[in-house]
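>>> I would like to see how this sequence folds:
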Amino acid sequence: MRFATWLGGAVWIGSWYLMYLEVTRWHHVKPSLAFNSDLAPAAGIRPHPGQPLILLYIACVAAPLVVVAGLVKQIRTRRAAR
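Just a heads-up that it's a prediction; the model follows:
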């Protein structure tokens, strides 16, 4: 479980850094973390989020949950060992 906590922490940091880049540099996401569909559509095609952006949204939600679950399990294990 310790490995999953560390991996979740790394994914958490990396995903929020990429989300920061999506908002500030690439402008695919609004500051409210909603997809920015206001970009000029080319040839009448409506923009939609691609799979990498959807996976980034999932990682931004799932990684903190994995870290918190790992820490709760670690605390419960320590208390049970007392």
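>>> Checking my notes, residue 38 in a strand, right?
No - counting by DSSP: H, G, I helix; E, B strand; the rest coil, residue 38 falls outside a strand, being coil.
>>> Need the pLDDT of it.
On pLDDT, residue 38 comes in at 83.
>>> What average pLDDT does whichever strand or helix holds residue 77 get?
Secondary-structure assignment from DSSP states H and E places residue 77 in helix 51-81. The pLDDT scores in helix 51-81 average 95.
>>> packing partners for it?
helix 2-21 (3 or more CB pairs under 8 Å, 6 or more residues apart in numbering; DSSP states H and E). Any C-beta I mention is one placed from the backbone N, CA and C, and that applies to glycine too.
>>> Spatially central residue for the protein, please.
Centroid-nearest residue in the chain: residue 60, 1.4 Å away (criterion: CA atoms, centre = their mean).
>>> Just to check, that one is in contact with residue 15?
Yes - using CB atoms under 8 Å, residue 60 is in contact with residue 15, at 4.8 Å.
>>> Okay, the most far-flung residue of the chain relative to its centre and residue 61: tell me how far apart.
Centroid-distance maximum for the chain: residue 82 at 35.6 Å, with CA atoms, centre = their mean. Distance, residue 82 to residue 61, by CB to CB, to the nearest Å: 33 Å.
>>> Same check on residue 5?
17 Å.
>>> So if I had to pick from the two, which one is more boxed in?
residue 5 (17 against 9; other CB atoms under 10 Å).
>>> State the distance from the more buried one to residue 63.
10 Å.
>>> What residues does the residue nearest to residue 29 when sequence neighbours are not counted make contact with?
Using CB to CB, 6 or more residues apart in numbering and skipping residues adjacent in sequence, the residue nearest residue 29 is residue 22, 4.3 Å away. Shown in contact with residue 22 (CB atoms under 8 Å, 6 or more residues apart in numbering): 28-29, 53, 56.
>>> re the thing from before, now the helix holding residue 77: buried residues?
53, 56-57, 59-60, 63-64, 66-67, 70 (16 or more other CB atoms under 10 Å).
>>> Tell me what angle that helix forms with helix 2-21.
Relative orientation of helix 51-81 versus helix 2-21 (axes from the mean of the first three to the mean of the last three CA atoms, to 10 degrees): 140 degrees.
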